[in-house]
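Participant: Show me the folded form of this:
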Amino acid sequence: MTQSNERLRDAERTRAEVLSVATEVFADMGYSGARVDEIAQRTRTTKRMIYYYFGGKEQLYLAALENAYRGIRRAEQQLDVGGLPPADALRRLAHLTFDHHLEHVEFVRLVAIENIHRGESIRAIDAVQDMGKPAVSLLDRIIAQGQQQGVLRPEVTALDTHLLISSYCVFQIANQYTFSHLFDPEFTSPERREQMRTLIGDAVLAWARAA
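Facilitator: Numbers count the residues shown, from 1 in each chain. All right, here's what the predicted structure looks like:
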C-alpha cells in the first residue's frame, strides 16, 4: 500500500469517527447545545481538523443528519425480499424498520430535533430526497405484486404504508420515557419490545390485506 493510499484511509477513518461521535452529540444536545470542542475531545482529532474535513459546525451537523438518513436507506436497500410473498415482504420490511430505529436511537432524536426546527437544515441536503426514492420504490413493487395477486387492497399505497410503519417505529423510541412512565413500566423491556415488533407487522398486514 502506498503512503498516499494509507493517508487516504486514515482520513476516511477519521472522518467516519467524527461523524459517529458528532451524531451522538447532536442527538443528545441538539444543534445549539453541541460543541465542536467536545466532539474533538471524544475523537482522535482536533477541532482544527474537524473544520478542515467538514468546514464548520453547521456543515458537520448537515453531514451527520445526512449520514443518519443514509443508514436507514442503506438497510432498506440491502433487504432481500425478492423471493417472498408480498405479505411476508411487508412484514419483513416493518421488522427491519423497527429494528433499525431501536438500534439507532440517535437517528430518531435527530429527526425530532429537525422537526422542532421545522426542517430548516434538512432542506439544505439535496441528497436526502433522492435517498428516499428506493424505499418507496421497494414498497411500490411489493404492493403492486400483492394487488395483482389480489392479496392486498387496491387503495393501499407505498406512501401510506411507509407512513404507518415509520410512525409506529419512531413513537417507540421518541416517546419511550413518557409512555413508560404514564402507561407501561415494561415498555422498554426486551419482552415488550419483541411483542411490539410482532405488532407492527401484524398491524400493517391487517390494514393492507384484501378482505
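Participant: Quick one: the helices in this structure, in order.
Facilitator: 3-33, 36-41, 47-54, 57-77, 86-103, 105-116, 126-148, 158-174, 176-182, 190-208 (DSSP state H).
Participant: any chance of those helices in a markdown table, plus mean neighbour count and mean pLDDT?
Facilitator: Glycine gets a C-beta too; all of them are placed from N, C-alpha and C. Formatted as a markdown table, the helices of the chain follow (neighbours: other Cβ atoms under 10 Å; pLDDT from 0 to 100):
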| stretch | mean neighbour count | mean pLDDT |
| --- | --- | --- |
| helix 3-33 | 15 | 85 |
| helix 36-41 | 17 | 94 |
| helix 47-54 | 16 | 92 |
| helix 57-77 | 18 | 92 |
| helix 86-103 | 19 | 95 |
| helix 105-116 | 18 | 94 |
| helix 126-148 | 15 | 86 |
| helix 158-174 | 17 | 95 |
| helix 176-182 | 12 | 95 |
| helix 190-208 | 15 | 97 |
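Participant: what's near enough to touch the closest residue to Leu96 other than its chain neighbours?
Facilitator: Spatial nearest neighbour of Leu96, chain neighbours left out: Leu79 (5.5 Å); criterion: Cβ to Cβ, 6 or more residues apart in numbering. Residues near Leu79 by Cβ atoms under 8 Å, 6 or more residues apart in numbering: 92-93, 96, 138.
Participant: what do you get for Asp37?
Facilitator: By Cβ under 8 Å, 6+ apart, the neighbours of Asp37 are Lys47.
Participant: now do Arg48
Facilitator: Counting by Cβ under 8 Å, 6+ apart, Arg48 has no contacts.
Participant: Repeat that for the one 5 residues further on.
Facilitator: Each residue near Tyr53 by Cβ under 8 Å, 6+ apart is listed here: 11, 14-15, 18.
Participant: and what of Ala89?
Facilitator: Here Ala89 is in contact with 81, 142 (criterion: Cβ under 8 Å, 6+ apart).
Participant: Any figure for the gap between it and Lys133?
Facilitator: 18 Å (Cβ to Cβ, to the nearest Å).
Participant: what residues does stretch 171-191 touch?
Facilitator: Residues contacting stretch 171-191 (Cβ under 8 Å, 6+ apart): 98, 101-102, 105, 108-109, 112, 192-193, 196.
Participant: In CSV, could you pull the C-alpha coordinates for that stretch?
Facilitator: Presented in CSV, the C-alpha positions along stretch 171-191 are these (Å, rounded to 0.1, in the frame of the first residue of the first chain):
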residue,chain,number,x,y,z
PHE,A,171,-43.0,6.5,18.5
GLN,A,172,-41.5,3.5,20.3
ILE,A,173,-38.2,5.5,20.6
ALA,A,174,-39.2,9.1,20.7
ASN,A,175,-41.9,8.6,23.4
GLN,A,176,-40.5,5.7,25.3
TYR,A,177,-39.8,7.7,28.5
THR,A,178,-43.1,9.4,28.8
PHE,A,179,-45.2,6.4,27.6
SER,A,180,-43.3,4.1,30.0
HIS,A,181,-43.9,6.5,33.0
LEU,A,182,-47.6,7.1,32.2
PHE,A,183,-48.8,3.7,31.0
ASP,A,184,-46.4,0.9,30.7
PRO,A,185,-43.4,0.4,33.1
GLU,A,186,-42.3,-2.6,30.9
PHE,A,187,-42.4,-0.6,27.7
THR,A,188,-38.6,-0.8,27.1
SER,A,189,-38.1,-4.4,28.3
PRO,A,190,-36.9,-7.0,25.8
GLU,A,191,-40.1,-9.0,26.0
